[in-house]
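Peer 1: Please find the sequence and the predicted model below.
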Amino acid sequence: MRVLIVDDDRTVLEDNREYFEKMGYETVCADTSGTAEEIINSAALDCVILDIDLPDGNGFELCARVRERTGLPIVFLSGYTEEQSRIRGFSIGGDDYVCKPYSLEELGGAGWGGGPLPLYTSRAARAGEERAGGEEEA
């Protein structure tokens, strides 16, 4: 499982990278929106953990651009804890929203439906499963 971690805070990047690698995940890190988008466009990824405030843009804008092309799971990790920010994150295509401060266990487990990251599947895969199960799309 390959996870892209995007945050302009080097301490957050390093702490998250160490945690996920210890849990057996391969990690790729970016500290700008531009670098993150290059990685998303060129690398096979399973999930993106995305901060909102980035030096060259914001995570909301990046999420919207990514959603135009892929159903790659995106989890916002942000200091914006207001309800409106969380709603915006979900409305533009985020799959989850974890507020800072957070625990690594929350980000790696409980914040992801009570299990490890592999429980997250892409929007495209979930849509296919719903159609295969005979349910209509909303």
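Peer 2: All right, it came through fine. For clarity, every value in this text was computed on a predicted model and none was experimentally measured.
Peer 1: which residues in the chain form strands?
Peer 2: Assigned by DSSP state E, the strands in the chain fall at 2-6, 26-30, 47-50, 53-54, 57-58, 74-78, 96-99.
Peer 1: any idea which of the ones you listed is most buried?
Peer 2: Highest mean neighbour count of the strands of the chain: strand 47-50, a mean of 26 (counted as mean count of other C-beta atoms under 10 Å). Every C-beta, even on glycine, is put in place using the N, C-alpha and C of the backbone.
Peer 1: which helices and strands does that strand pack with?
Peer 2: Contact here means 3 or more C-beta pairs under 8 Å, 6 or more residues apart in numbering; DSSP states H and E; on that basis strand 47-50 packs against strand 2-6, helix 33-42, helix 59-67, strand 74-78.
Peer 1: for the protein, which spans come out with low pLDDT?
Peer 2: Within the chain, the set of residues satisfying pLDDT under 70 comprises 109-138.
Peer 1: which outside residues touch the helix ranked longest in it?
Peer 2: Taking DSSP state H as the criterion, the chain has its longest helix at helix 10-22. Contact partners of helix 10-22, identified using C-beta atoms under 8 Å, 6 or more residues apart in numbering, comprise 3, 5, 7, 27, 29, 31, 49, 51, 77, 100, 104, 107-108, 117.
Peer 1: how much does that helix deviate in direction from strand 74-78?
Peer 2: Relative orientation of helix 10-22 versus strand 74-78 (axes from the mean of the first three to the mean of the last three C-alpha atoms, to 10 degrees): 140 degrees.
Peer 1: show me what contacts the closest residue to residue 32 other than its chain neighbours?
Peer 2: Distances taken as C-beta to C-beta, 6 or more residues apart in numbering place residue 56 nearest to residue 32, at 4.8 Å, with adjacent residues excluded. Listed by C-beta under 8 Å, 6+ apart, the contact set of residue 56 reads 32-34.
Peer 1: among those, who's most crowded?
Peer 2: Within the contacts of residue 56, most neighbours by other C-beta atoms under 10 Å means residue 33, with 21 neighbours.
Peer 1: which residues touch it?
Peer 2: 6, 54, 56-59, 61-62.
Peer 1: which of the residues you listed sit farthest apart?
Peer 2: Pairwise distances across the contacts of residue 33 (C-beta to C-beta) peak at 12.3 Å, for the pair 6 and 61.
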